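J.: build the 3D model from these lines:
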Amino acid sequence: MGHVLYRVTVNEEHVEAINIAAGHATAVLCCEMIPLGAYVEGLEHQGDTLDRITGMLLPFLAREKQDHISDTVKHLRQVQRIADLAPLPFWSETITVSSDKLDAVSQACEMLARLGMWQIELLLGYVPLEFGEASSVALESAKQYARAMRALHTGMTGVGCSYGIAQKEVPEICKIAFEIHQVIRHRMAWDALAREGKSEPVFPLVVYDEPIKLTNVPLIKVEPVTRDVRQGG
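T.: Numbering: from 1, shown residues only. The predicted structure is shown next:
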C-alpha cells in the first residue's frame, strides 16, 4: 500500500513551530546537540555541555540505521520548505503531504515539546546508537549530564523530572508544536483503524484522544485527500 496523502492547513505560527521542530529533530537524529539550546531558557548558555554530550554519543552512531535516519531527515527538510511561502498576517495555506512526511513532522513536534519540558533524557533516546555495553554506558553518562543541566536551571532533580506541557515555564512555541503533534497523531491513528475496517480501538490509547488546546493559536487541520482512507495511495 502506498502512502496516504493529506491536506494540511497551517498558518504562520504553525509554520514557525514546524520549521523549528524539524531543525531540532534533525540535530538530535544526527547527534548535533548544540542547536537544542536556542529556544529553551537555561539551555542557551550550555553549549559546552551539549557539545560534550555530542562527543559522548557520536562514536556510537549506528551506521546500519543511517538509511532510515537519512529518510526521516530528508522528509523534515522537505517539509521545512513551506517556510518559502512567505507567511503574511492572517496568512494560511493548505499543503498536500504524504503520510510518511506527516509522521516525521509529528515526531519532530513531539521532540520539540519534550525539549521545552526539559525532557532531555528522553530526547537522547532518539539518537540512533549501536547496541552494546559501551554505547549504553555512553548514553547513561549523557543522561547524567542532562539531569545535571535540568537540576541547575529548574531545581528539578531525579530521573524523569520535567515540567508539564501546560506550565508557564514551557515556551509557547513548544506548546504549539505539541498541539500539532496531537492533531496529526489523532488523525493518523483513526485513519489507520479505518483502513483495518475497525470503527473503535481495542484499547483506549492516548493517540485516539481529542487534541487538547494549550495556546490561542488555532489547531492545524489535517484531512486525507481521499475520503475513503482505506484506499491509501
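J.: how about the helices in the protein?
T.: 12-29, 47-57, 66-80, 99-116, 120-124, 133-154, 172-195 (DSSP state H).
J.: adding mean neighbour count, write those out as JSON lines.
T.: Quick note: C-beta positions are derived from backbone N, CA and C, even for glycine. As requested, the helices of the chain are arranged in JSON lines below (neighbours: other CB atoms under 10 Å):
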{"stretch": "helix 12-29", "mean neighbour count": "23"}
{"stretch": "helix 47-57", "mean neighbour count": "17"}
{"stretch": "helix 66-80", "mean neighbour count": "16"}
{"stretch": "helix 99-116", "mean neighbour count": "24"}
{"stretch": "helix 120-124", "mean neighbour count": "21"}
{"stretch": "helix 133-154", "mean neighbour count": "16"}
{"stretch": "helix 172-195", "mean neighbour count": "21"}
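J.: of all those, which lies closest to Gly160?
T.: helix 120-124 (7.3 Å; CB to CB).
J.: where does the protein have its least confident helix or strand?
T.: Least confident helix or strand of the chain, by mean pLDDT, DSSP states H and E, is helix 66-80 with a mean of 69.
J.: alpha carbons only: can I get stretch 46-61 in PDB?
T.: Extracted as PDB, the C-alpha positions of stretch 46-61 are listed here (Å, rounded to 0.1, in the frame of the first residue of the first chain):
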ATOM      1  CA  GLN A  46      25.100  25.300  27.900                       C
ATOM      2  CA  GLY A  47      26.900  24.900  24.600                       C
ATOM      3  CA  ASP A  48      29.900  23.300  26.200                       C
ATOM      4  CA  THR A  49      27.800  20.700  28.000                       C
ATOM      5  CA  LEU A  50      25.700  20.000  24.900                       C
ATOM      6  CA  ASP A  51      28.900  19.700  22.900                       C
ATOM      7  CA  ARG A  52      30.300  17.200  25.500                       C
ATOM      8  CA  ILE A  53      27.100  15.100  25.200                       C
ATOM      9  CA  THR A  54      27.600  15.100  21.400                       C
ATOM     10  CA  GLY A  55      31.200  13.900  21.900                       C
ATOM     11  CA  MET A  56      30.000  11.100  24.100                       C
ATOM     12  CA  LEU A  57      27.400   9.700  21.700                       C
ATOM     13  CA  LEU A  58      28.800  10.400  18.300                       C
ATOM     14  CA  PRO A  59      31.300   7.500  18.300                       C
ATOM     15  CA  PHE A  60      28.400   5.100  18.800                       C
ATOM     16  CA  LEU A  61      26.000   6.200  16.000                       C
END
